[in-house]
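>>> mind folding the following:
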Amino acid sequence: TANAWEPEWLEGSKSCPPDSAAIAGYPSGERAEWRSQKNKIFPADKFFQDVPTGGAPYTNYRTIGQRNAVRAAVSMPEDGTLLAILPTGSGKTQIAEALAWQCQSLTTKKTVLLIVPTVALAFDLESRFRQNYSQKLKGLKGPLEKEWAWTGNMEEEHREFLAKALQSGMIPLLVTSPESLTTNSKLSNALRDAVSAGTLGALVIDEAHLYTQWGRDFRPQYREVGRLRKNLLDSVQGPDNAFKTVCMSATMGSTEILDLYSEFAQPDKTSFVVDNFFRPEPDIWIGSEATHEKREEWVLEAINHLPRPLFLYVSYKKDTSKWFNLLKEQGYERLAVVDGNTDNQERKSVLERLKLQTERGVD
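Okay, here's the model as predicted:
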């Protein structure tokens, strides 16, 4: 066996070497504390067992927090709001899935609109959703023809398909970004038409803390989502046209909660589900060095030692090509770059290759 990597320049690494942190002392390398509590079982409600999964049904809830959040989502008033704070990995996405299944079980089918922060996440989720519904919707003309993600550089034919699908409630879930929702008139108009027709079931904001943390300066379109929602609610003519609102996150502090409450709460129709616990597994190491050459040397050393797959984040888009070429020169071959210039097809390709490598194990 190899000794743990302990760089002299990395502060705090002596107490827990960076390459040892990946297992964090939990069984089979699992990091979230609740995963090791295998003896606790929370049997799934009948409606949750019926949610399409593409495989074995949900026989249990992952945590009591997930159970409470899912129950709150499906039972709250049609124009109600849910703020759900659940630990990473405890199944927040199933809140949206349960809502979507509920909406698809109605006489007038409705679509759940899920807002996510990145295009890569949008593609990952929509692929999972379509796979889950592949048997339920098999034989129906239309729903499975195209991806359920509305992104910036889609073809016009795809936009038309998704706009009509939203207006008719033909697809259970539509995944998009704050930018697409608030700056693309075809999508926002389709959303208004869906509210008028009573085919919008819920507006779900994933990673909702970003509404506060990014919305004021970095990505102001997040704040526009709140204004658009208010306008849509003001246009609702009756209970059949109302839609639910869900804000969910794993990292919501008091500032974010107060902000989201002030923006999205409905008087006497707002629920909170909070299942926080102290998570000891995240670790941050910082190495300070003034010279560019030394920092580059340290990054290369880290890449040579840390477990795979590995992500290298850079501050500027121009640095992605520099590091790609540098790592190629070092002999690395399985590399991919995702930045603002990466088109949708390449993003999807990178995501699929990453999944494949993770499943098979990576050198």
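
>>> got any ranges where the chain has weak pLDDT?
The chain contains residues with pLDDT under 70 at 1-2, 12, 14-15, 20-39, 277-283, 357-363.

>>> what about residue 246, neighbour count?
Here the number of neighbours of residue 246 (other CB atoms under 10 Å) works out to 27. C-betas here are computed from N, CA, C, even on glycine.

>>> now it, what's its secondary structure?
Taking DSSP: H, G, I helix; E, B strand; the rest coil as the rule, one finds residue 246 in the strand state.

>>> in the sheet, which residues pair with it? Tell me.
With DSSP bridges as the criterion, residue 246 is bridged to residue 82, residue 204.

>>> I figured residue 167 hits residue 193, correct?
Yes - contact criterion CB atoms under 8 Å: residue 167 and residue 193 qualify, at 4.7 Å.

>>> compare the two (neighbour count), which wins?
For residue 167 versus residue 193, neighbours defined as other CB under 10 Å are more numerous around residue 167 (20 against 16).

>>> list the buried residues for the helix or strand in which that one is found?
Using DSSP states H and E, the element containing residue 167 is helix 156-168. Using 16 or more other CB atoms under 10 Å as the burial criterion, the residues of helix 156-168 that qualify are 158, 159, 161, 162, 163, 165, 166, 167, 168.

>>> how about stretch 176-193?
Within stretch 176-193, the residues that qualify as buried are 176-182, 184, 187-188, 190-193, counting by 16+ other CB under 10 Å.

>>> for those, which one is nearest residue 118?
Distance to residue 118, by CB to CB, is smallest for residue 177 among the buried residues of stretch 176-193, at 7.6 Å.

>>> still on that earlier bit, need the residues that contact the helix holding residue 167.
109, 111, 113, 142-143, 145-148, 150, 170-171, 174, 184, 186-187, 189-191, 193-194, 197, 199-200 (CB atoms under 8 Å, 6 or more residues apart in numbering).

>>> coming back round to it: among the buried residues of stretch 176-193, name the ones in helices.
The members of these that map onto helices under DSSP state H are 178, 179, 180, 181, 182, 187, 188, 190, 191, 192, 193.

>>> in CSV, list those residues along with distance to residue 18.
Output for those, formatted as CSV (distance: CB to CB, whole Å):
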residue, distance to residue 18
178, 34
179, 35
180, 37
181, 38
182, 40
187, 42
188, 45
190, 47
191, 45
192, 50
193, 51
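
>>> and which of those residues is nearest to residue 247?
Nearest to residue 247 among those, with distances taken as CB to CB, is residue 178, at 13.0 Å.

>>> surely that closest one touches residue 225?
Yes - judged on CB under 8 Å, residue 178 makes contact with residue 225 at a distance of 5.2 Å.
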